[in-house]
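Enquirer: What would the 3D arrangement of this be:
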Amino acid sequence: MDLKSSHTSPVLADPALINESMLGIHSGLLPYSHNGTAFSPAPFLTIPRRKPGILDDVRSSSWLDAMKSSSPTHNKVNKDSSTGQSSNDSDNAYRTWMLKYPSAIASFEQLINCAKHKRVALFLDYDGTLSPIVDNPDHAVMSCSMRAAVRNAAKCFPTAIISGRSRDKVSEFVGLTELYYAGSHGMDIMGPAQPNSKDQTKCNMSIDKQCKDVNLFQPASEFLPMIDEVFRSLVEITKDIVGTKVENNKFCVSVHYRNVEEKSWTIIAESVGEILKHYPRLRLTHGRKVLEVRPVLNWDKGKAVEFLLESLGLSHCDNVLPIYIGDDRTDEDAFKVLKKGSRGYGILVSSVPKESNASYSLRDPSEVMEFLKCLVSWKKSTAL
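Expert: Presented below is the predicted three-dimensional model:
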């Protein structure tokens, strides 16, 4: 398909099932299913109808309001600048909020009672969950202690990192080969690499050539030329807006405005919108001080969780408890999947009250690390 020639053409008039050969799925990932059956992408990979020119939920409301609502700012001294409340009022509001979203640490015994005689599967966001939110996204490096906590968790449970970052970038930050990595909001998935030798540490997942049988699942591979083209256009159109950073996450493009003065936010949004007028097969979403351009594809972090559970042979088992920990609105798709039918637990990482589909909460990455340690200790105690 010539993507350039189809920029302004309507998205597929009738949703069509997309098979494995069309998507370029590496067959190595699919046989993880214990019963030997391959995961069928058919229910998930349909491209919905969409009217050209409509840019997802951001365009449907005020650009600025959407950016502000998804990017609350906080005054570190006395007030929460997003609400104008004093620190005492904010603390009281947070405590009240925790009645609905109790601490996963304080409620650990209750949570883990549901995990007895079950196999825990662990899914983790990266930014804001395993590493703190920083001004420069290139500096979002996780601590050595957090890396050790994730490594120990992966020894006990199937563990996956599901991030909006490119798969290569997040695997480079994490630096652990024993995990599953789902980059670009789940549009680029790789299973644990199989090294050429028994020395697992010599196999770097970010360099596929060093590993045998690297397992890939890329439901949006046909969009790569278009994403690259949009990335270059966004770099050019935002180059004069001080503080803007455009990041190519392979299957999506992120426009960070964390370091941009608020008076320029509208300019950024309008610039991005102007580019996307020519790409009806791409949509615009927003996260914490970031606008994200993604393919119009029925695929998100929730679908990535379902795919990984299916690939691991854990999808239709009553003795499985999936746990997903994340901090952003893009993680809500995964929370919804686990909440439906009380399938598992979502844990929201947030130091401010906000509505969520999660069941529990943690305040920050330090509490995430503590929770992971609790999980490992519980697992080891049950093995005695």
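
Enquirer: Which residues are in contact with residue 115?
Expert: By CB atoms under 8 Å, 6 or more residues apart in numbering, the residues touching residue 115 are 321, 378. All C-beta atoms are positioned from the backbone trio N, CA, C, and that covers glycine.

Enquirer: Next, it: secondary structure please.
Expert: Here residue 115 is recorded as coil under DSSP: H, G, I helix; E, B strand; the rest coil.

Enquirer: Tell me the confidence at it?
Expert: For residue 115, the pLDDT comes out at 87.

Enquirer: roughly how far apart are it and residue 338?
Expert: With the distance defined as CB to CB, to the nearest Å, residue 115 ends up 13 Å from residue 338.

Enquirer: swap in residue 321?
Expert: Distance from residue 321 to residue 338, counting by CB to CB: 9 Å.

Enquirer: from what I can see residue 101 touches residue 359, true?
Expert: Yes. Counting by CB atoms under 8 Å, residue 101 sits close enough to residue 359 to count as a contact (7.4 Å).

Enquirer: Could you check how many residues crowd around residue 270?
Expert: Using other CB atoms under 10 Å, residue 270 is surrounded by 11 other residues.

Enquirer: tell me which element it is part of?
Expert: According to DSSP states H and E, residue 270 maps onto helix 265-276.

Enquirer: same check, this time on residue 348
Expert: Residue 348 belongs to strand 345-349, assigned by DSSP H and E.

Enquirer: in its sheet, what does that strand sit against?
Expert: Sheet pairing here is set by DSSP bridges, and for strand 345-349 it gives strand 320-326 (parallel), strand 360-362 (parallel).

Enquirer: same question for the first one, mean pLDDT?
Expert: The reference is to strand 320-326. In this model, strand 320-326 has a mean pLDDT of 96.

Enquirer: immediately after it, which helix or strand?
Expert: Of the helices and strands lying after strand 320-326 in sequence (DSSP H and E), the nearest is helix 332-339.

Enquirer: Show me what that next one is packed up against.
Expert: For helix 332-339, the contact count by 3 or more CB pairs under 8 Å, 6 or more residues apart in numbering; DSSP states H and E identifies helix 301-311, strand 320-326, strand 345-349 as packing neighbours.

Enquirer: let's see it at 6 Å
Expert: Based on contacts counted as 3 or more CB pairs under 6 Å, 6 or more residues apart in numbering; DSSP states H and E, the elements that helix 332-339 packs against are helix 301-311, strand 320-326.

Enquirer: what's the closest of these to residue 382?
Expert: Nearest to residue 382 among these is strand 320-326; the distance by CB to CB comes to 13.0 Å.

Enquirer: Buried residues, that closest one. List them.
Expert: 320-326 (16 or more other CB atoms under 10 Å).

Enquirer: Now tell me what touches it from outside.
Expert: Residues external to strand 320-326 that are found in contact with it (CB atoms under 6 Å, 6 or more residues apart in numbering): 115, 118-125, 129, 314, 334, 338, 344-347, 368.

Enquirer: now the helices for the stretch 101-250 of the chain?
Expert: For the stretch 101-250 of the chain, the helices identified by DSSP state H, counting those that start in this stretch occupy 108-113, 144-156, 167-174, 224-238, in order along the chain.

Enquirer: Distance to residue 216 and mean neighbour count added to those helices, as a markdown table?
Expert: Below are those laid out as a markdown table (distance: least, CB to CB, whole Å; neighbours: other CB atoms under 10 Å):
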| stretch | distance to residue 216 | mean neighbour count |
| --- | --- | --- |
| helix 108-113 | 33 | 14 |
| helix 144-156 | 20 | 17 |
| helix 167-174 | 9 | 22 |
| helix 224-238 | 13 | 18 |
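
Enquirer: of those helices, which approaches residue 306 most closely?
Expert: Between residue 306 and those, the tightest spacing by CB to CB is seen for helix 167-174, at 18.1 Å.

Enquirer: how distant is that closest one from the center of its chain?
Expert: Centre-to-centre, helix 167-174 and its host chain are 13 Å apart (CA atoms, centre = their mean, to the nearest Å).
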